[in-house]
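J.: no sequence for this one, just the structure:
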């Protein structure tokens, strides 16, 4: 198995997300692994299962020409700009999603710069009590794509104003706002570095950590596939915003592994449409859960047969099946 560092100087948010998926498909097909650093022009990147209309301050992003795109992984919405560095690791991994372990290379690198970073919660890297990186993950066919943001010198006012983050999420972490919860790395450095200098040093650290001996730009097959994915998927309203019906039933609960929201359209006592959203992580099968609910009598009864443990374990990483069924029945 070859581990390759991909050099990517593109800044288009839709293309960069499409390139991740293209490299993921290459990993599935060839058995190779990849690591990549990249930056976006100003953008809000929403998680795969989030309702974009609820997560984004649409007036602010329109006024400031900020793109909104949806990634292939779960987790919450994040803001990207030229002061933000993103990393992607695509590896072959069996078993459950091990989100925290993928943050270890970043923590080790920051500590080498005398920054006292640590893993915190389910998917954060923090310095003191403030977040400097959030991560997300997607897996299929024995391949895991792990990616994260690094706040190096971002516009923290835009970070706060571009996102609609629930007060409940702040309260659960002991903060009053996005701005009070996050910080940039650059002011914490003993020796000032530009983003490019930081990026090159982190790239060398990642290559050493993963044993990535090859270093190259994406090949034509990878970029061609990425351009098609960007045009047909990541740069479309259908993928980014989706169709959000006016739900007649809406149940929401925050678990330690993320927030889950169930929206139902119910007519004459039967579920006509079901939609799951939130910042949870998933091993796949969310659409299977939604389909299983459609056509059933509401309120639900006997969900243990309709939604077996095996289905819910895969769909909601780190949340007990009985907790999910309890939410659906509340």
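T.: Everything's here; your move. None of these values were measured; they are calculated from a predicted model.
J.: list the buried residues for stretch 107-122?
T.: Buried residues in stretch 107-122, defined by neighbour count with 16 or more other CB atoms under 10 Å: 107, 109, 110, 113, 117, 119, 120, 122. Backbone N, C-alpha and C define where each C-beta goes, glycine included.
J.: likewise stretch 84-100?
T.: Along stretch 84-100, the positions that meet the burial threshold by neighbour count (16+ other CB under 10 Å) are 84, 85, 86, 87, 88, 89, 90, 91, 93, 97, 99, 100.
J.: try stretch 254-265
T.: With the criterion 16+ other CB under 10 Å, stretch 254-265 contains buried residues 254, 255, 257, 258, 259, 260, 261, 262, 263, 264, 265.
J.: what's the closest of those to residue 320?
T.: Taking CB to CB as the measure, residue 255 is the one of the buried residues of stretch 254-265 closest to residue 320, at 8.6 Å.
J.: show me what contacts the closest one?
T.: Shown in contact with residue 255 (CB atoms under 8 Å, 6 or more residues apart in numbering): 280, 318, 319, 323.
J.: centre of the chain versus stretch 69-81, how much separation?
T.: Computed by CA atoms, centre = their mean, to the nearest Å, the separation of stretch 69-81 from the middle of its chain amounts to 5 Å.
J.: let me fix that, I meant to ask about stretch 316-325.
T.: The chain centre lies 19 Å from the centre of stretch 316-325; the measure is CA atoms, centre = their mean.
J.: list the buried residues of that stretch.
T.: In terms of neighbour count (16+ other CB under 10 Å), stretch 316-325 has its buried residues at 316, 317, 318, 319, 321, 324, 325.
J.: which one of those is nearest residue 306?
T.: Minimum separation from residue 306 among those (CB to CB) is found for residue 325, which lies at 9.0 Å.
J.: in TSV, list the contacts of residue 255 along with distance to residue 223, secondary structure and pLDDT.
T.: Formatted as TSV, the entries for these read as follows, by distance: CB to CB, whole Å; DSSP: H, G, I helix; E, B strand; the rest coil; pLDDT from 0 to 100:
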residue	distance to residue 223	secondary structure	pLDDT
280	32	coil	94
318	35	coil	93
319	37	coil	96
323	43	helix	97
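J.: so which of the buried residues of stretch 254-265 sit within strands?
T.: 254, 255, 258, 259, 260, 261, 262, 263, 264, 265 (DSSP state E).
J.: beta partners of the first one?
T.: Read it as residue 254. Under the criterion DSSP bridges, residue 254 forms beta bridges with residue 259.
J.: quick check: residue 318 vs residue 281, distance?
T.: Separation of residue 318 from residue 281 (CB to CB, to the nearest Å) stands at 7 Å.
J.: same thing with residue 213?
T.: Taken as CB to CB, the span from residue 213 to residue 281 is 31 Å.
J.: show me which of these two is the more surrounded one.
T.: Just comparing residue 213 and residue 281: by other CB atoms under 10 Å the higher neighbour count belongs to residue 281, 26 against 10.
J.: and the more buried one, helix, strand or coil?
T.: Using DSSP: H, G, I helix; E, B strand; the rest coil, the secondary structure recorded for residue 281 is coil.
J.: for the spatially closest residue to residue 210 that is not a sequence neighbour, give me the pLDDT.
T.: Leaving aside its chain neighbours, residue 210 sits nearest to residue 3 (5.2 Å; criterion: CB to CB, 6 or more residues apart in numbering). The predicted structure scores residue 3 at 94 on the pLDDT scale.
J.: my read: residue 3 touches residue 209, true?
T.: No. Between residue 3 and residue 209 there is no contact, the gap being 10.0 Å when judged by CB atoms under 8 Å.
J.: between these two, who's got more neighbours?
T.: Just comparing residue 3 and residue 209: by other CB under 10 Å the higher neighbour count belongs to residue 3, 19 against 16.
J.: residue contacts, the residue lying closest to residue 213 once chain neighbours are set aside?
T.: Residue nearest to residue 213 in three dimensions, not counting chain neighbours: residue 3, with 7.2 Å by CB to CB, 6+ apart. Applying CB under 8 Å, 6+ apart to residue 3 gives the contacts 32, 33, 34, 35, 210, 211, 212, 213, 214.
J.: all helices for the protein, in order.
T.: For the chain, the helices defined by DSSP state H cover 13-30, 52-55, 58-63, 104-112, 156-162, 167-173, 178-181, 195-210, 220-229, 237-240, 286-293, 303-306, 309-315, 321-329.
J.: could the ones you listed go into CSV alongside distance to residue 45?
T.: Output for these, formatted as CSV (distance: least, CB to CB, whole Å):
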stretch, distance to residue 45
helix 13-30, 7
helix 52-55, 10
helix 58-63, 12
helix 104-112, 18
helix 156-162, 11
helix 167-173, 17
helix 178-181, 15
helix 195-210, 18
helix 220-229, 15
helix 237-240, 10
helix 286-293, 19
helix 303-306, 33
helix 309-315, 22
helix 321-329, 26
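J.: out of those helices, deepest packed?
T.: Highest mean neighbour count among the helices of the chain (mean count of other CB atoms under 10 Å): helix 13-30, with a mean of 22.
J.: what's the angle between it and helix 220-229?
T.: When axes from the mean of the first three to the mean of the last three CA atoms, to 10 degrees is applied, the directions of helix 13-30 and helix 220-229 differ by 130 degrees.
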